[in-house]
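1. I'd like to go over a predicted model; first the sequence, then the structure.
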Amino acid sequence: MTILLAVVIISVAEVVILSLAFRTFERADEKRARLELERAAQTERPRSRFFGEAAAIPSSDGAALEALLARLERHVRLEQQAAQWFLDNPTPETLHHRAPVRPHVTH
C-alpha cells in the first residue's frame, strides 16, 4: 500500500512540475514572439512592388495636381461623349467601337 501511495504522490508531483515548466516555456515563447513583432514594426521596410520600388512622394507644388486633374477631366469628357454617341446610335457595333472624338471647346 505504501508503494502505491508513493507512486501516486510522485506522479502528481511530476505532473505539477511539468505543467509549471510548460507554462514557463510557453510564456517565454509568447514574450519572444511579442519582441519579434515589436522589432519588425520598428524596422519596417517599404514594400517592394512588382513593377518597381515604392512610388516617389509628389512635390508640394500644384502643377502636377493641375495636370492630373486636366487629364482626368478630359478622360471624363471623352467617356461622356462615347456614352452619348452610343445613346444616339444604339447598335451592337457601336457598343464595341470607339466613338469619334470631337474637339473640345474650352470656356
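-> Received, thanks.
2. next SSE after the longest helix along the chain?
-> Longest helix of the chain, by residue count under DSSP state H: helix 2-42. Using DSSP states H and E, the helix or strand that follows helix 2-42 towards the C-terminus is helix 63-88.
3. can you give me the offset of the very next helix or strand once past that following helix from its chain's centre?
-> Next along the chain after helix 63-88, taking DSSP H and E as the criterion, comes helix 92-96. Offset of helix 92-96 from its chain centre (C-alpha atoms, centre = their mean, to the nearest Å): 38 Å.
4. Point out the other helices and strands that helix 92-96 packs with.
-> When contacts are defined as 3 or more C-beta pairs under 8 Å, 6 or more residues apart in numbering; DSSP states H and E, helix 92-96 packs onto helix 63-88. In short, each C-beta sits where N, CA and C put it, glycine included.
5. Against which helices or strands is the helix it packs on packed?
-> When contacts are defined as 3+ C-beta pairs under 8 Å, 6+ apart, helix 63-88 packs onto helix 92-96.
6. mind giving me the domain split of this structure?
-> 1-43, 66-107 (automatic domain parsing).
7. Of those domains, which shows the lowest average pLDDT?
-> Confidence, taken as mean pLDDT, is least for domain 66-107 of the domains of the chain (a mean of 78).
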